Each structure stands twice: as structure tokens, then as C-alpha cells.
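Asker: Please work out how this folds:
(chains A and B, ligands or ions: 2)
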Number of protein chains: 2
Amino acid sequence: MKVLVLNSGSSSIKYQLFRVEDWQAPASGLVARIGEPEGEIKLNWLDADEASHSSQESLPIASHAQGIDHIIRSLRDSGVLTDVAELAAIGHRVVHGGVRFKQPALIDDSVIEAIREVVPLAPLHNPGHLAGIEAARAHFPGVPAVAVFDTAFHQTMPPSAYRYAIPEALYTEHRIRRYGFHGTSHHYVAKRAAELLGKPLDQCNLITLHLGNGASATAIRAGQCVDTSMGLTPLEGLVMGTRSGDIDPAVVIYLCKHLGLDADGLDRLFNRQSGLLGLCGVNDMREIDQLAAAGDERAELAIAITTHRLKKYIGAYYAELGRVDAVVFTGGIGENAAEIRRRACEGLERLGIRLDSELNEARALRGERCISAPESEVQVLVVPTNEELEIAQQALRTVADAGG
Amino acid sequence: MKVLVLNSGSSSIKYQLFRVEDWQAPASGLVARIGEPEGEIKLNWLDADEASHSSQESLPIASHAQGIDHIIRSLRDSGVLTDVAELAAIGHRVVHGGVRFKQPALIDDSVIEAIREVVPLAPLHNPGHLAGIEAARAHFPGVPAVAVFDTAFHQTMPPSAYRYAIPEALYTEHRIRRYGFHGTSHHYVAKRAAELLGKPLDQCNLITLHLGNGASATAIRAGQCVDTSMGLTPLEGLVMGTRSGDIDPAVVIYLCKHLGLDADGLDRLFNRQSGLLGLCGVNDMREIDQLAAAGDERAELAIAITTHRLKKYIGAYYAELGRVDAVVFTGGIGENAAEIRRRACEGLERLGIRLDSELNEARALRGERCISAPESEVQVLVVPTNEELEIAQQALRTVADAGG
Ligand SMILES: Nc1ncnc2c1ncn2[C@@H]1O[C@H](COP(=O)(O)OP(=O)(O)O)[C@@H](O)[C@H]1O
Ligand SMILES: Nc1ncnc2c1ncn2[C@@H]1O[C@H](COP(=O)(O)OP(=O)(O)O)[C@@H](O)[C@H]1O
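Answerer: Residues are numbered from 1 along each chain as shown, chains lettered A, B, ... in the order given. Ligands and ions are numbered 1, 2, ... in the order given. Below is the predicted model of the structure:
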């Protein structure tokens, strides 16, 4: 039995195929530039002897439906999925589930309608998801499909955390509130952290830090999300590759007034030209690390601002939770950038947080690990995230729970 | 000897007259509705026997210059200031000093020019200050005048705290950064807290919370401000009477796009219609307290959001400072609202913060006091703020230092 995970964007579909027996992924790939003159098809797969292969093609892909056709063909040609009947479930990543979805949902017309209803809240994501869902549905009418929402894990936040101090009508009529994103990743690493701590998740208080190109922090009490740094959109919170994160909202108004930027210009500025890129001209943390080490002052400043903000979120969530079992780092930066972890945790001894600098910096160590000192009251963990795996497992569980 | 403190707005001048001997204020008052058909003149004063009096007049006040004339006439008529030669200094409150002023400044042409230069950063405040400064200068050519800046105390912040993660050019060319406000109040209560702690200020790490109609938090390390919650403008940070404080900047963009609000409309929404007012229809915390006690759910939510955010700032600044001597509450809410203090500090025992609930709630207690339990590692203090006194003292010291 297998589970196919699809992440459909407006012009691309990324996918991963999991084996249920051992939750390994024998294949992953993407179709990209859908609708453009020249599309792209990529596949990486393992053959029966676990030898890895890859293939790449360029040809026009007219629609998401054609994209799905190509995916199936690639999988069949490579021999990793000879029969669609092997698929126990398809898991679709969906960025925004509004307030309706606290859990993954078996996809039917009403679920599709609900995803459509929140398109205004996720205009860059939900339309692509819908296109992918519809195309997959047409192609695999017999395979149960499940939507797994980036927002779902955060639906346990109390109103004190998710409401903004703006006129009530903007909440009741325009649904403006904190939703939070990266929920699948936060949930996954929280479960792994509980395992590493040797406690049931519902007895764990955690601060999870997903630091990739996008970045967010979550406060988890007794296994449930009680706060998160992203808000109405993925712009709020930590410093990210190209996004500002937290800023005086008056800066937006100021630039609207003084630079004459309209909504689209503002959106571009804060989402695509800010963050690490805006500060030092580079948005890749590996490169920034090297630049800073070579004495580049802007790169150093970008790191200083990033880690200053991280430290503030650790403190804020510590205060909110009152007691913390572990701080968990994940995402490309969280998993790999020892210097960022070091500076974020520096000086937090009174919060019971003390890194072991050797464990933190050991380059040979990979995978799930504890990097705090033995006497650290709060464990500091590194947990590589695996959103696709989480989606696959949630999809299969949802199908099973529905008796499918 | 006396010091006159002036707080000039666009259409009003508030003032207070201090005696240098005992730093008591025998007179305070205002002229308001300058430029309107019917102006307002108010004075409260103490006579030689310390009996209090007040007077009130309505008549047109054409300009700030006329306003100053009226103030002087009121003070003379009441007998509290018989001779202008008694004035050792005039202290002007100035909201924005840009990056130039880390200290109060003896006013000369170049200082006036510098205050004018940052008018774009404080369009609602600096023009009124300038009108007041120019009028007072014309009226009292012989009295040294000092500008005391709301931003000055925050000029010690490091770039990691004051820079936003937006394109560098917005900082270098448009001066967009965190400035912080309420600095005179934070500085004043920090000095008083050091006194209460029995330590020199430069050995104190403090978190000061100024909670009035505007509200801000400051992290103070070794007596110097290292972070503050207000930003480019006084909109960022805590929940305030009518201001949103922190929010996903994308909410501003969303409302610009979907509600068609322009810069002025956005400004009005976030600065005047949000905060406590937006959440529950009332911006006065006394009233909100009563409503919540009577079961009003919106008022309860407004308090929950306010205290949730306060707690996060306490935690964030604790993390930033690493070690904290005291958390200091001031402003109308900070000084009086025991319930807000209780909920902001609740559950922070692991940060070494433990209120004494009787001391916190005792209605009979007024003035400077410690409200934490004896075993609380971090002291929690209530210190009534006195920005006018601070301005008067800084003005006099600045004149003295200049050899005046
Ligand atoms: N060894 C490393 N040191 C520092 N940063 C790293 C390292 N490896 C990856 N990163 C950073 O991780 C970020 C990408 O994270 P990732 O989770 O892959 O992104 P996404 O959010 O797109 O999934 C990039 O900034 C990259 O530079
Ligand atoms: N006893 C009290 N309980 C609760 N709130 C109070 C109390 N007294 C004053 N306040 C609140 O303090 C706020 C005004 O604070 P203040 O510092 O006077 O404002 P400003 O920032 O205008 O100087 C109002 O919200 C008021 O309701």
C-alpha cells in the first residue's frame, strides 16, 4: 500500500510517494511551469534494489490535470507505482483551512467549497491547491483524498492569542485574526519531541521553531498549540528569507503615504524584498553565515536581528507557557545553522536553557538529537521536519478513521 | 527659582510650573483649542498657604504666541509667578528627536532645525512643539529653553533591536527604524526603581511597563534602554486605548486592498479605532474592568488580549536581558489596575516573578511600592510616573551643565 502526497501550487505540483509498510518514500518529484510554453518534469526514485535514479523532461504542461497525468506516467514508467489500486490515500497539502478545519478532512464537495471560501485569505495558495485537488479527483475517482491544512494545528489557540486589537467587525465580518501556518511541521516535530522526551505529547510543553525560508514559532501547552508567530498571513513573526516578520504596522501606512505604494507594491516589498534579503542582499542563510564570518557587516546585522527576534519569541512563549519541556529547532536553518541556534539560546540560563556547545556545533551529527547540556532544565532538540511524511500519515489515518 | 514645563500640541499647550527648592508644582494648566472660535484657558494653583484654586476662561486664542501670553498672565494673576526672571529654565516636551538627540538639548537654531527635520516622522506632534518653542522663545528671550525628547532614552538600543528586516535603503534613505516613545517616563520610573532597589541605576536590569492610554514596554540593561515596544511610531507593541499595537503587517495591506482604505483611512483605523476601543467599544480601562466584572464578554476579551500581550513582552524582555532586577508598572493602568498587573504576572514563577496578591490589590496603597512577594527573585514595583517633573529636572540640569 502506498500514499501519494501532493503539494499543488498555482503553476506546479510537487509530490512524494510513501510506502505504508516502512514509511519510506521510494519516489518524489515535481511538475513545474504549468501553463508556460516549456514545462518541467522531474522524478527521483529508488528501484527494487534501493538504487537511486532520476529523470528530467521538458515539455509543455497545459493544466494541473495534465500535470497529474505526467506524474502518474512517470511513476508507472519508473516502476514504483505499477497499479493505481496500490494507493490507499492521496494527501493534499492545503495552506489555509480557515476556522473550519481543526483536523485533516476527507475531501468531498463541501470540503472543496470550504477551501474555496477562504481563497481571499490565501490567494497565492488555495487556488493552486484546488486545481490540484480537482485534477487528482478526476484522475483517481476511486482513491480517497484527504486535505491536510497548514492552519489546522493552530486552531486550538485561545482568542487571547488569535484575536488582534482591531475593530471587532474586522474579525466577525472579514475573518481577520491570527491563523498561523507551518502547522503540519510544528505538529510533526512536537510529536517527535515528545517521543525523544519519553513523555506523552499531551504532557509536553514545547516551543517549536521552524526556521526555513519561511519561519515561525509555536507555543505548545499539553500538546496543543496555544500561540504561533505567523498571523493572518505568513508575513508576521520571525525574520525570514524575504519577509519582514514583525514590524510597526505604521511602517506599511508610512510607505503607502510617502512612497505611494499600493497594496500590490506593499505586498511585494514586505513579502519578497524584505527579511534577510532586504537587510543584506542575500536570502540564503548558508551564504549569510559565510559572509558574516568573512566580516560582512550587513550579513552580521541580518544574523543579529534574526537571532534577537528568535530569542524574544523564546522568552515570550516561555512566559506564556510558564513551564517548558523543550525548545525544538527544525527547518533548513533550525536543523543546520549551529550559530543561529547558539545566538538564539545565549544568555537564557535563567530560563533553564543551556546549550552544550559541542553537541550544538558537531558537524558530524545529523538527524534527531538533543543539543542541550545534561543540566539544562529545558531540553533543546533538533528534529528534522518531514511535512510530507506527516501529511501521508495523517491522510492514511483520516481514511482509516472514516472506515475507508 | 522655578522651571516651566510646556507640552505644546497642534492646538493646545499644557504646562506645569515647578519650584526648584522642593520640586513641587504650585501651578498647572492648559490653553486649548488654539485657532478655534472659542479657546479654553485653565489653571490650577496653590496659594502661599498651599490652598488650591482653579480658574477657567473661554475666549479666542489666535496662535501659540497668544497662548503663551495667556499662560503668563494666568500665572501672574494668580500670584504663583510674579516675575519671569524667576524662571531658571523652560523645558519643552518634544516627541521626536530622531537619532540626533540622546540627551535633552539647550534650544538654539540648530536644535529647532533638527526638530523640524524629523517632522515627517512625527507629523502630529513636532509641528505643535515647534510652534510652542518659537512662541516661548519670542516671549522669554532671556530664559534658557531645553527640549526633552520622548525618543532620547531609547537611543542606546543596539541595531539588532532598532532595525527592521526591510530593505536597507528604507533605513538609510527614509530613516525607517524603531525609535520608541514614552522615554521620559521610562527613564523616570527606572531611576525611581533603582532608588527603591537600593542600587545604582547602572547596575539595574529592568522591564518598565508604561500603561496609560498609550502603552509601551522597555528593556533596560545596566540602566540603559536596549529595547522598547513602540517603533517608528507609537502604534507598535502593546494593546492601547485606541491603537492596535502588534499585528501582522499584512493586515494593513489586506485592508488597503479589500476595503480600499488609503493611508489616512488606515491611520485612523489602526491609531484611533482599534485597541481596547475596537475590541469592546470602550477605551477607558476603569470602565472595561467594571464591564468585565459584570460579565461583558467583549470587555473580558479586551483584558485577556491586553494581558496576554503584556506577558509576552515581559517574557521577551526577560530573555533579552537574561537577568532582571525588577518589573516596573506605571501609567494610569499600570499604577491602578491591579487585575491587569495580576494577569500580566500570572504564571511567571519560573521567571522569578511572584506577586503578593494582597499588596497588589490593596486599594489603600498609593504611590511608589513593591507588590511582589518577599521570596520573589524579581521585584515587582509600582512607580507613579511624572514626566513633567522629569522634564523640569532634566531641563534645569541641562542649563546647569551648559554653565547657564
Ligand atoms: N548548513 C546550513 N547552515 C546554515 N543555513 C542552512 C544550512 N543548510 C540549509 N540552510 C538554510 O535553510 C534555509 C532553507 O530552509 P528550508 O527548510 O529548506 O526552506 P523552505 O522553508 O523553503 O522549506 C536557507 O536559508 C538555507 O540557507
Ligand atoms: N483605578 C483604575 N483602574 C483601572 N484603570 C485605571 C484606573 N485609573 C486610571 N485607569 C486607566 O488609565 C488609563 C489612562 O492612563 P493615563 O496614564 O492617565 O493616560 P495618558 O497616556 O493619556 O497619560 C485609562 O485607561 C484609565 O481608565
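Asker: ranges for the strands of the stretch 1-150 of chain A?
Answerer: According to DSSP state E, counting those that start in this stretch, the stretch 1-150 of chain A carries its strands in the segments A:2-8, A:13-19, A:27-32, A:40-46, A:52-58, A:87-94, A:105-106, A:145-149.
Asker: Check the stretch 151-300 of chain A too.
Answerer: When assigned using DSSP E, counting those that start in this stretch, the strands of the stretch 151-300 of chain A occupy the ranges A:206-211, A:215-221, A:224-228.
Asker: ranking those by burial, who's on top?
Answerer: Neighbour counts averaged per stretch over those are highest for strand A:206-211, at a mean of 29; criterion: mean count of other C-beta atoms under 10 Å in any protein chain shown. In short, each C-beta sits where N, CA and C put it, glycine included.
Asker: any chance of the strands of the stretch 151-300 of chain A in JSON lines, with mean pLDDT and distance to ligand 2 too?
Answerer: JSON lines is the format used below for those (pLDDT from 0 to 100; distance: least, C-beta to the nearest ligand atom, whole Å):
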{"stretch": "strand A:206-211", "mean pLDDT": "98", "distance to ligand 2": "32"}
{"stretch": "strand A:215-221", "mean pLDDT": "98", "distance to ligand 2": "28"}
{"stretch": "strand A:224-228", "mean pLDDT": "98", "distance to ligand 2": "25"}
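Asker: Let's have those strands in CSV, adding distance to A:Asp69.
Answerer: As requested, these are exported to CSV (distance: least, C-beta to C-beta, whole Å):
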stretch, distance to A:Asp69
strand A:206-211, 33
strand A:215-221, 35
strand A:224-228, 37
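Asker: Can you check which of those strands gets nearest to B:Ser110?
Answerer: The stretch from the strands of the stretch 151-300 of chain A with the least distance to B:Ser110 (C-beta to C-beta) is strand A:215-221; that distance is 43.9 Å.
Asker: How far off centre is the closest one?
Answerer: On the basis of C-alpha atoms, centre = their mean, to the nearest Å, the separation between the geometric centre of strand A:215-221 and that of its chain is 12 Å.
Asker: between it and strand A:224-228, how many degrees?
Answerer: Relative orientation of strand A:215-221 with respect to strand A:224-228: 140 degrees, computed using axes from the mean of the first three to the mean of the last three C-alpha atoms, to 10 degrees.
Asker: In the sheet, which strands lie alongside strand A:215-221, parallel or antiparallel?
Answerer: Using DSSP bridges, the neighbouring strands of strand A:215-221 in the sheet come out as strand A:206-211 (antiparallel), strand A:224-228 (antiparallel).
Asker: What residues does the stretch 101-250 of chain A have near chain B?
Answerer: For the stretch 101-250 of chain A, the residues in contact with chain B (C-beta under 8 Å from any C-beta of the partner chain) are A:120, A:158-161, A:163-168, A:170, A:174, A:176, A:178, A:230-233, A:235-236, A:239-240, A:243-250.
Asker: Any of the residues you listed buried? List them.
Answerer: Listed as buried from these are A:160-161, A:163-167, A:170, A:174, A:176, A:178, A:230-233, A:235-236, A:239-240, A:243-250; burial here means 16 or more other C-beta atoms under 10 Å in any protein chain shown.
Asker: circling back: let's see which of the residues of the stretch 101-250 of chain A next to chain B end up in helices.
Answerer: A:Pro159, A:Ser160, A:Ala161, A:Glu168, A:Leu170, A:Pro249, A:Ala250 (DSSP state H).
Asker: Let's have the residues you listed in CSV, adding pLDDT and distance to B:Ile207.
Answerer: Output for these, formatted as CSV (pLDDT from 0 to 100; distance: C-beta to C-beta, whole Å):
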residue, pLDDT, distance to B:Ile207
A:Pro159, 98, 26
A:Ser160, 98, 20
A:Ala161, 98, 21
A:Glu168, 98, 30
A:Leu170, 98, 31
A:Pro249, 98, 23
A:Ala250, 97, 24
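Asker: between those residues, which is nearest B:Leu381?
Answerer: Taking C-beta to C-beta as the measure, B:Leu381 lies nearest A:Ser160 of these, at 25.5 Å.
Asker: Is the closest one in contact with B:Leu310, as I believe?
Answerer: No. Taking contacts as C-beta atoms under 8 Å, A:Ser160 lies outside contact range of B:Leu310: 11.0 Å.
Asker: From B:His174, how far out is the residue lying farthest from the centre of chain A?
Answerer: When distances to the mean C-alpha position of chain A are computed (C-alpha atoms, centre = their mean), the maximum falls on A:His258, with 34.6 Å. Look at A:His258 and B:His174: by C-beta to C-beta, to the nearest Å, they are 7 Å apart.
Asker: now A:Gly278
Answerer: Counting by C-beta to C-beta, the gap from A:Gly278 to B:His174 is 13 Å.
Asker: re the thing from before, for A:Gly347, which of the strands of the stretch 151-300 of chain A is the nearest?
Answerer: strand A:206-211 (16.0 Å).
Asker: Off-centre distance for the closest one?
Answerer: Offset of strand A:206-211 from its chain centre (C-alpha atoms, centre = their mean): 11 Å.
Asker: Just the CA atoms of it, as PDB, please.
Answerer: Taking Å, rounded to 0.1, in the frame of the first residue of the first chain, the C-alpha atoms of strand A:206-211 are listed here in PDB:
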ATOM      1  CA  LEU A 206       7.100  22.900  23.900                       C
ATOM      2  CA  ILE A 207       8.400  25.800  21.900                       C
ATOM      3  CA  THR A 208       8.900  24.700  18.300                       C
ATOM      4  CA  LEU A 209      10.900  26.900  15.900                       C
ATOM      5  CA  HIS A 210      10.500  26.100  12.200                       C
ATOM      6  CA  LEU A 211      13.300  28.000  10.500                       C
END
